[in-house]
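> give me a model of this one.
(2 chains, ligands or ions: 2)
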Number of protein chains: 2
Amino acid sequence: MGYTDTDKLAINTIRVLAADATAHANSGHPGAPMGMAPVAHVLFNKVMRFNPKNPKWLNRDRFVLSNGHACMLQYALLHLYGYALSIDDLKAFRSVDSITPGHPEAHDTPGIEVTTGPLGQGISNAVGLAIAQAHTAAVFNKPGFDVVDNYTYAFLGDGCLMEGVSSEACSLAGHLQLGNLIAVWDDNQITIDGDTNQAFTEDVLKRYESYGWQVLTVGDGENDLDGIEAAIKAAQAVKDKPTLIKLTTIIGYGSKLQGTHSVHGSPLKADDIKQLKEKFGFNPEQSFVVPQEVYDLCHSASAKGAAAEEEWNQLFAKYSEQYKAEAADLVRRQTGDLPEGWEKSLPVYTPADPAVASRKLSEIVLNKVYAAIPELIGGSADLTGSNLTRWKGAIDFQPPATGLGDYSGRYIRFGVREHGMGAIMNGMSAYGTLLPYAGTFLNFVSYAAGSVRLSSLSQVRNIWVATHDSIGLGEDGPTHQPIETLAHFRALPNMMVWRPADGNETSAAYYVALTSKHTPSILALSRQNLPQLEGSTIEKGIKGGYVLHEQEGADVTLVSTGSEVCICIDAVKELAEKHNIKARVVSIPCFEVFDAQPKDYRLSVLPDGIPSLSVEVMTTMGWERYTHEQFGLNRFGASGAYKDVYKKFEFTPEGIAKRAVATVNFWKDVPNIRSPINRAFQQLI
Amino acid sequence: MGYTDTDKLAINTIRVLAADATAHANSGHPGAPMGMAPVAHVLFNKVMRFNPKNPKWLNRDRFVLSNGHACMLQYALLHLYGYALSIDDLKAFRSVDSITPGHPEAHDTPGIEVTTGPLGQGISNAVGLAIAQAHTAAVFNKPGFDVVDNYTYAFLGDGCLMEGVSSEACSLAGHLQLGNLIAVWDDNQITIDGDTNQAFTEDVLKRYESYGWQVLTVGDGENDLDGIEAAIKAAQAVKDKPTLIKLTTIIGYGSKLQGTHSVHGSPLKADDIKQLKEKFGFNPEQSFVVPQEVYDLCHSASAKGAAAEEEWNQLFAKYSEQYKAEAADLVRRQTGDLPEGWEKSLPVYTPADPAVASRKLSEIVLNKVYAAIPELIGGSADLTGSNLTRWKGAIDFQPPATGLGDYSGRYIRFGVREHGMGAIMNGMSAYGTLLPYAGTFLNFVSYAAGSVRLSSLSQVRNIWVATHDSIGLGEDGPTHQPIETLAHFRALPNMMVWRPADGNETSAAYYVALTSKHTPSILALSRQNLPQLEGSTIEKGIKGGYVLHEQEGADVTLVSTGSEVCICIDAVKELAEKHNIKARVVSIPCFEVFDAQPKDYRLSVLPDGIPSLSVEVMTTMGWERYTHEQFGLNRFGASGAYKDVYKKFEFTPEGIAKRAVATVNFWKDVPNIRSPINRAFQQLI
Ligand SMILES: [Ca+2]
Ligand SMILES: [Ca+2]
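Residues are numbered from 1 along each chain as shown, chains lettered A, B, ... in the order given. Ligands and ions are numbered 1, 2, ... in the order given. Purely as a prediction, here's the structure:
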């Protein structure tokens, strides 16, 4: 408390920088930064604990700008407080190859925790960051050693509140009693379309109360700095509930058009900027100016943060003496490296082992590796018994007060909330000490497409255990049977989509997914049993694609994934016996990983001179990249026993053989058949 | 009121049928049908107005089973009340090619209004059905002629309540004051993972109150039939609020395992079914038995419904005399045919016309056709000024009490609720009198993937106006720039994805989208201006793909869509002048429509003998189906002015020419180059 004129100047500096940068870029959103500058100043200057010189300090408070279009607010703060973001970076706002893109991207810019902009994601990431803090604290804190006790702060706008993903995540946050989560709602009564009363008249505070949150209000978000600080302190004081602070602000505060949607998504006009600067005591002839006393004020807060880190470092040094193993584990986790030797826990299979559904194979992996990888933490969107995501004896991550588990538990009951689950995983990954996974049916990963995309873009490591991966789920029928889903996520950059064919490939999928520090994965797993294949190994599987069954003088290559690979093996027999055709079989459990192999290896798998046929019980889209002909399902499936459904669509040895014969005949007159691996030019990536 | 033993017998018949059918299929969900049998009986037998002999009667009450896994409840009802669903159909539950699939599919089964199962969708569809009723009533009802006054009833479970899509739709339903919507929450305290207290402890009624709903409770949903009926009547009585009835039930009521999650998703064991039948007075040796008095009771309700329709027919006959044009319009709308001559309103362009962004071209179409197509009704997820979805002078669809519009308005302010918007559109389409469209950025159609999929599966007509369709949106950056999105939806069966290159193609896209009665569409539209192309016409565009620029003796075919087509035209010049290469240009604005053309036409567009190169600023996935080589973007985009972004990724005449040269060189030694249109065999569709 006790705010001075320098505080006001700092606030107005943020407003002017936001106006300058959006005007300079001739693009962007000045309104929210100008309206939220006061709360941002209070939070960064008086409340939050962070060290700009070490943006990755473990115990820093996390800040999430869920209304990511307001990123000039965040960029201005990062600059003022001394993060590696210069005034020139502000001038480069929204220009190609800058570190100040149109929405905050965590992998681009120091000090950005999570990538936001797509509405509703940031606040849901914040729930994940808060879960991660609660769990990490429960595992590592010891009497006298609160090595992890940070808060997570999030700003959000009406748009974030309207999005279903935030409803899912915030309902769960209430259930989980996350007292370490403090959200500030920028209640400016304005959306892009105009007044919020056009579409958004619900009682937000009542809704958040219904979720089990504490709700607070600050009526004058532009001037009542003491009130803002008091609200944040009151939020900190309640330990068993997240808090939503309703902060009434005026969008574009200071602009001639303040309080209107005109200042939401368009730069201020020149004369408006002029009067703004004059009003706030800035020279209207100059742009991107920061008064020295503002730098001083901000840097002194940063210095306090640096001192806090130094104090923490001393605490942690003592902790390391007393709790050597725990300290080493916490340090290791932050590197992203897994514990040495963990991979020895991965199960290995031979053809003598029984046929098992790959969802069950996944469960076996989890049961084998959970003890070796303590940062592994996961759950399911209310499909635990179907996804088989829970290892034996797992403790639930629950508020101790529920009697159902505690915060050190590593199994999360997400409820039927796929999109929220995805966004929460992104936040958990971003925290830095956890490796999250989550289960649902493959078809319902699509519900989470918005958050899955951001996993890829922000380069976090997490894993979808996506079971019931095809028409092979049988009776549930077309509403639940993926057709387009693998193509969708295979087309998403920096996403590994795995569809293992047996136990060794499932172990390979987990190996790559768990060790790829900057890439998320989707594991598509069968409901039905799959035999252990002759010729599969973990070593081959981790190449993403390999020759499962070689055949000298082959007439055709059958290329397949997952549950269809074993049917292709049977088709080889059928082709030899009934059609006198020699077929080889290639398994490509992961396009993305196969694509990353050297060309000569890929050509050895899919060589010139032999026509190829892909076999997968879903859309053929994307398979043309690897094969000459494609057998797939470019229509919706059917409800019935899975073997009946496979038969209906001819995914049988006979059905595959028929198409292999057609493929051989169609290509027999073509000389020097070229492998699709050969391309005229390389893509830019 | 005044329930008899026959009512109880009817209720128990539903329970026994659900147990029999799931046991016979050895698959399915008996628990919810058994728990909800009482409320279903009260609703169908005493409250709802419907005629099983004419399931499409316009003014029928709509029933939506949002917890679609409980479909044996609905199938039992349809059978008992005399819809075209026989006892043999119940025996065929969950078997291939039955009309009783694992989840209810509207296009398969008479009496099913919307396709449900994916949780949260049905209740959101119900909001759309209620919007459609309110709008149709406002447009067509006249003093003394309430030709449309039906209710929409929905059952939903905890899973539906947890899904964000329902939060979005129900918040909007409260804002819209939809008094014609009555939802019954099956509060059985059980989810698949076990007790709801593991993940779902929010105060649901308080949340729905915060949305502006009336909330009611019935404490004994298994026995208090009078209480159930009274609650439904109380819901009907409130005209300006939707109602949520919390109905406490016992999952699997009658089973030895009632009240546990064991009866949620697995058939009852034989001895359990035996005791169930004995307890309810059924012969345990017989299955699929319906007592005659139950048929009689149900059929008498159906007869009342038939009489109600007959009465309505007389009302409508009088209405037709007095309001001839309105009556004819209402009859026509239900056929799905558009008004004769509407297509004359479609704008036509010549190369002399100025360059215009295709989002703007879309706005021009809407402004031209809205008067000719009165069933067209749409809106935006709070991006009206960016999507350009609102025609000049449109009236908002709003509760009259708000003063912002009225229910006859044809512009819907959806708020930032893409997934809810998609599900609402599906419900609006299903109502039978409307043709809905909705706008958002293409990238955020992905938020609605769950509902988009169900548009396709349930074969409804609606249109996504998906603007800002590529890296061409520029400054907003990678978080907003689609890469995988078109591939995703192109891979979805029965979905038309359009990416028009200019005005004539935009008109063509609308022509096909508006006239395809059983197929939804996504129109991907540019933010940036596009020139009107020499060679484009509506007639060519509606073929989905055509030769835009022919060239005798061409060395290469450039194949493109949308905003890249005009750059390909410039590349033709570049290739001729700098490389002495002759190029032809093909535009394929819609894969799905092009694929449906005769093979000889497709081969004339993509002929043998010429290598081809696709050009599209997003994933190359899927393009291998049409071209030999692909130029695309298999990585995330960049934030910057759109021309800078295009330049960075070489989507310039020079960048295209470079790759065309590589394509020509790579294929020059291959004799008899085969068009990718030629295939070894046809897909099953
Ligand atoms: Ca706002
Ligand atoms: Ca339930």
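> which SSE is the residue positioned nearest the centre of chain A in?
Most central in chain A under C-alpha atoms, centre = their mean is A:Ser455, positioned 2.7 Å from the mean C-alpha point. Using DSSP states H and E, the element containing A:Ser455 is helix A:449-457.
> show me the contact partners of that helix.
A:105, A:107, A:114-115, A:118, A:120-121, A:124, A:165, A:419, A:422-423, A:425-426, A:429, A:445, A:462, A:464, A:488-489, A:492-495, A:519-520, A:522, B:444, B:446-447, B:449, B:478-479, B:484, B:488, B:636 (C-beta atoms under 8 Å, 6 or more residues apart in numbering or on different chains). C-beta: built from backbone N, CA, C; applies to glycine.
> pull out the buried members of those.
A:105, A:114-115, A:118, A:120-121, A:124, A:165, A:419, A:422-423, A:425-426, A:429, A:445, A:462, A:464, A:488-489, A:492-495, A:519-520, A:522, B:444, B:446-447, B:449, B:478-479, B:484, B:488, B:636 (16 or more other C-beta atoms under 10 Å in any protein chain shown).
> restricted to strands, list those residues.
When those are checked against strands (DSSP state E), the matches are A:464, A:522.
> could you double-check that A:Ala571 sits in contact with A:Ile581?
No: in this structure, A:Ala571 is not within contact of A:Ile581 by C-beta atoms under 8 Å, at 9.8 Å.
> same drill for the two, tell me which one is more crowded.
Under the criterion of other C-beta atoms under 10 Å in any protein chain shown, the comparison of A:Ala571 against A:Ile581 puts A:Ala571 first, with 29 against 20.
> in which helix or strand does that one reside?
A:Ala571 is part of helix A:565-579 when elements are defined by DSSP H and E.
> so A:Ala308 sits against A:Asp61, correct?
No: contact criterion C-beta under 8 Å: A:Ala308 and A:Asp61 do not qualify, at 9.8 Å.
> more crowded one of these two?
A:Asp61 (23 against 17).
> does the more buried one touch A:Met48 like I think?
Yes: with contact defined as C-beta under 8 Å, A:Asp61 reaches A:Met48; the gap is 4.5 Å.
> helix/strand/coil for the closest residue to A:Glu229 other than its chain neighbours?
Among residues not flanking A:Glu229 along the chain, A:Val42 sits closest, at 5.2 Å (C-beta to C-beta, 6 or more residues apart in numbering or on different chains). Of the three states, A:Val42 takes helix according to DSSP: H, G, I helix; E, B strand; the rest coil.
> how near is A:Val42 to A:Gly219?
To A:Gly219, A:Val42 is 15 Å away according to C-beta to C-beta, to the nearest Å.
> again, but for A:Leu247
From A:Leu247 to A:Gly219 the distance is 9 Å (C-beta to C-beta).
> likewise A:Asp337?
In terms of C-beta to C-beta, A:Asp337 sits 50 Å off from A:Gly219.
> before we move on, the earlier item: what residues are shared contacts of A:Ala571 and A:Ile581?
With C-beta under 8 Å, 6+ apart, A:Ala571 and A:Ile581 have common neighbours A:657, A:660.
> which one of A:Val42 and A:Gly219 has more residues nearby?
Comparing A:Val42 with A:Gly219 by neighbour count (other C-beta under 10 Å), the higher total belongs to A:Val42, at 25 against 11.
> my guess is the more buried one contacts A:Ile232. True?
Yes: look at A:Val42 against A:Ile232 with C-beta under 8 Å: they come within range, at 7.1 Å.
> contacting residues around stretch A:295-314?
For stretch A:295-314, using C-beta under 8 Å, 6+ apart, the contacting residues are A:6-7, A:10, A:44-46, A:48-54, A:57, A:59-60, A:80-82, A:147.
> mind doing that once more with 10 Å?
Identification of contacts with stretch A:295-314 by C-beta atoms under 10 Å, 6 or more residues apart in numbering or on different chains yields A:4, A:6-7, A:9-10, A:13, A:41, A:44-54, A:57-61, A:77, A:79-83, A:146-149, A:290-291, A:316, A:319.
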